[in-house]
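Student: Mind folding the following:
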Amino acid sequence: MNKLLLGILAGLLILNVNLQAQDNKTLPASEVEDLEGKKVNTAEFTNDGKPIVISFWATWCKPCIKELKTIHDMYPDWQDETGVKVIAISIDDARNAGQVPTLVNAFGWDYEVFLDKNSDFKRAMNVVNIPHTFLIDGDGNIVYQHTSYAPGDEEELYDKILELVEETGE
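Tutor: Residues are numbered from 1 along each chain as shown. Coordinates of the predicted model:
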């Protein structure tokens, strides 16, 4: 009987922790590296009160590359119309991280690109599958997210960016 009661209490505690984690929808603090090896705290990602898109990807993930290439084609217009900033977070480990700058330069991506070699930020954001894309408002709150990529997903993301900009009056 005591084991059953202890199990129920443990389950309730875990449920409570999980519910609190779901309520915390702000950008967590974690350390990533820019392409020059400089450490950056993710809680300091800012865009002067305008939206930020954070996309988790890897060099070996074909859907990730497709999504980021598609967004790249529209990015100048998105920036002009909404002021949005795109941040690409590579989850490539230390063995593959050296390929990231080469790929970014080959595609001409003008996003901010960071390396999450130990997947600390990935874990903090509860990313399981990639691509995993988040929309962050000007206050650092996560307001939208989606996983995987299918053609047209970028349009839904842009619609969410527009809604956010309209809500804040930017």
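
Student: can you map out the strands along the protein?
Tutor: For the chain, strands defined by DSSP state E occupy the ranges 31-34, 39-41, 52-57, 85-90, 112-115, 132-136, 142-147.

Student: Which among those is found nearest to Gly98?
Tutor: Nearest to Gly98, of all the strands of the chain, is strand 112-115, at 9.8 Å by Cβ to Cβ. For glycine as for every other residue, the C-beta is placed from the backbone atoms N, C-alpha and C.

Student: Tell me where the protein has helices.
Tutor: With DSSP state H as the criterion, the chain has helices at 2-23, 62-82, 99-107, 120-124, 153-168.

Student: List the buried residues of the fourth one.
Tutor: Going by neighbour count (16 or more other Cβ atoms under 10 Å), the buried part of helix 120-124 is 121-122.

Student: which regions of the protein sit below the pLDDT cut-off?
Tutor: Within the chain, the stretches with pLDDT under 70 are 1-24, 169-170.

Student: hmm, try it at 80
Tutor: Confidence mapping of the chain against pLDDT under 80 gives the ranges 1-24, 168-170.

Student: Report the central residue of it.
Tutor: The chain has Ile54 as the residue nearest its centroid, 3.2 Å off, counting by Cα atoms, centre = their mean.
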